[in-house]
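Visitor: Sequence and predicted structure below; questions after.
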Amino acid sequence: MKKSKISEWENRIFSPEMKMAELIDLNYRLLTVLSRTGIGLGFGESSVAEACRANGMDVNTFILICTMYSLPEYVPDRKILSDADPAAIVEYLHNSHSFYIRYGFMKLDKSMKSLVGPCPEHQKKVILKFLSDYRQEVEKHFEYEETTLFPYVRAMIDGSDGGTYTISEFREHHDNIEEKLEDLKNLIMKYLPESCSGETAGMVLLDLFSLAEDLNIHTAIENNVLVPVMSMMENKRKARI
């Protein structure tokens, strides 16, 4: 039986034995994953497994996250999910939240203010308010995960029953926070005054596309990795009761 394109690609590229430097050469965007898993540069000739072990990162979870970033349509199967470490997943998602707030949105806010500087005052206010409102919405989204979802996952890992909260509650109310960035991208591409266009507009759009893509993968990791992993953990807990 012929392997799928995804299987061939995944098996060819990602393995614990490959050099970490080779992994980055294959997809430089995985530098983002390194920064959020605590793996710094200067890993020399270390393999992926060696670099993960030296930095306290579960290698199976690391490879899974790298696959998610390299294949946006990838959905891991039950075997791969069973090998993932929920604590490492939560830590990665937590570090991603910090990255978005402390760097992603700060960079976007700065470049957006530079972009709309020459614009008429009313248009400037509309665009900056849209970005400000969106950032507040994202921060509220993250706050729920930091104060409700992540403590629940950690409690389950530590052996607690997690109270009355279940992962299905998160799944039912989980929205895609990257969708509104589409409106902002379209606003800049289609309706930005000529006085505000130019190289700065192009750079802002690149930042927006990059942030939207990153947030989309972040959501996919939550929906297609964390949710099913916790569902399996809950089912195992119920079977023991």
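Guide: Arrived safely, thanks for sending. Residues are numbered from 1 along each chain as shown.
Visitor: So which elements touch whichever strand or helix holds residue 136?
Guide: For residue 136, the host element (DSSP states H and E) is helix 121-144. Packing contacts for helix 121-144, counted by 3 or more C-beta pairs under 8 Å, 6 or more residues apart in numbering; DSSP states H and E, involve helix 105-116, helix 180-191. Just so you know, the C-beta spots here come from the backbone N, C-alpha and C atoms, and that holds for glycine as well.
Visitor: which residues does the spatially closest residue to residue 84 that is not a sequence neighbour contact?
Guide: Of all residues not flanking residue 84 in the chain, residue 61 sits nearest, at 4.8 Å (C-beta to C-beta, 6 or more residues apart in numbering). Going by C-beta atoms under 8 Å, 6 or more residues apart in numbering, residue 61 touches 84, 85, 88, 89, 92.
Visitor: now stretch 121-137, how far from the centre of its chain.
Guide: Taking C-alpha atoms, centre = their mean, to the nearest Å, one finds the center of stretch 121-137 at 24 Å from the center of the full chain.
Visitor: State the mean pLDDT of it.
Guide: Mean pLDDT, computed over stretch 121-137, is 88.
Visitor: Please list only the buried members of the contacts of residue 61.
Guide: 84, 85, 88, 89, 92 (16 or more other C-beta atoms under 10 Å).
Visitor: lowest average confidence, helix or strand, in this protein?
Guide: Counting by mean pLDDT, DSSP states H and E, the chain has its least confident helix or strand at helix 5-13, which shows a mean of 48.
Visitor: C-terminal to it, what's the next element?
Guide: Sequence order places helix 20-26 as the next helix or strand after helix 5-13, per DSSP H and E.
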